[in-house]
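Asker: structure here, sequence nowhere to be found:
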């Protein structure tokens, strides 16, 4: 169901009254689909950002290890 902007409270009041008539209860729970989708993607975005940080860290680590493995100790001593 879609609601026009600014009409949310009127729609919710109507749905509450329908529930009261049909079920005879005041308990009324609802959620918006857009909020559920946003909630799902927030968790996914955390995982994606964590994976990017891990990838950058591992790439930097392997680059430093490769660079250190290529250094000739004799050249380093000569330079000092």
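Answerer: Great, that's in hand. Since the structure is predicted, the reported quantities are computational estimates derived from the model, not experimental observations.
Asker: CA atoms for contacts and neighbours, from now on please.
Answerer: Fine.
Asker: how about the strands in this protein?
Answerer: For the chain, applying DSSP state E gives no strands.
Asker: can you give me the domain boundaries for it?
Answerer: With domains defined by automatic domain parsing, the chain comprises 1-30, 31-80.
Asker: low-confidence ranges in this protein?
Answerer: For the chain, applying pLDDT under 70 flags no range at all.
Asker: switch to 90 and redo it
Answerer: Scanning the chain for pLDDT under 90 picks out 1-5, 25-26, 31-47, 72-80.
Asker: show me where it has helices.
Answerer: 8-23, 33-70, 73-79 (DSSP state H).
Asker: what's the closest of those helices to residue 1?
Answerer: Nearest of the helices of the chain to residue 1, taken as C-alpha to C-alpha: helix 33-70 at 9.4 Å.
Asker: helices and strands around that closest one, which ones?
Answerer: Judged by 3 or more C-alpha pairs under 8 Å, 6 or more residues apart in numbering; DSSP states H and E, helix 33-70 has no packing partners among the helices and strands.
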